[in-house]
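Chemist: Sequence and computational prediction follow.
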Amino acid sequence: MKRFLLMTLIAVNFALLGVLTVLSYDLPAAYAQRAAPAGGSNYLAITALYTSGTDAVWILHTGKHLLTVLAPDATTAELRVIDTRDVAQDLGIGGNQTP
């Protein structure tokens, strides 16, 4: 009888361990932009350091291969366009798109 109770308790413990393992398993978080559905946005926005102490917003238009950098203007507190680049032309894979 003692052996039966011991085996039952061991089986219950393994079952509980299995349930805890299944319930506690979660996929790792992916901190990235989702792909837009068909006909959705063609833009990718990234914030990064522009110059020492100044953050900027980098916007990539994936359809036209344009990279635009926006940074805050200290006097007006608004974003201003710093530069726009044709990435495809810079990489020598085509380009000549108009913004």
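Modeler: Okay, I see it.

Chemist: use CA for all of it now, contacts and neighbours both
Modeler: Noted.

Chemist: Show the end-to-end separation of stretch 65-84, please.
Modeler: 10 Å (Cα to Cα, to the nearest Å).

Chemist: Run through the helices of this structure in chain order.
Modeler: 2-24, 87-90 (DSSP state H).

Chemist: Tell me which of the ones you listed lies nearest to Ile46.
Modeler: helix 87-90 (15.4 Å; Cα to Cα).

Chemist: now the closest one: mean pLDDT?
Modeler: Regarding helix 87-90, the rounded mean pLDDT is 87.

Chemist: Run through the bridge partners of Pro72.
Modeler: Per DSSP bridges, the residues bridged to Pro72 are Leu79.

Chemist: Let me know the pLDDT of the spatially closest residue to Arg85 that is not a sequence neighbour.
Modeler: Take Arg85 and drop its neighbours on the chain: the residue closest to it by Cα to Cα, 6 or more residues apart in numbering is Leu67, 5.1 Å away. On the pLDDT scale, Leu67 is placed at 91.

Chemist: Ala88 is in contact with Leu67, correct?
Modeler: No: counting by Cα atoms under 8 Å, Ala88 is not a contact partner of Leu67; they are 9.8 Å apart.

Chemist: what's the neighbour count on the residue nearest to Arg85?
Modeler: 20 (other Cα atoms under 10 Å).

Chemist: What of Pro72?
Modeler: Neighbours around Pro72, by other Cα under 10 Å: 16.
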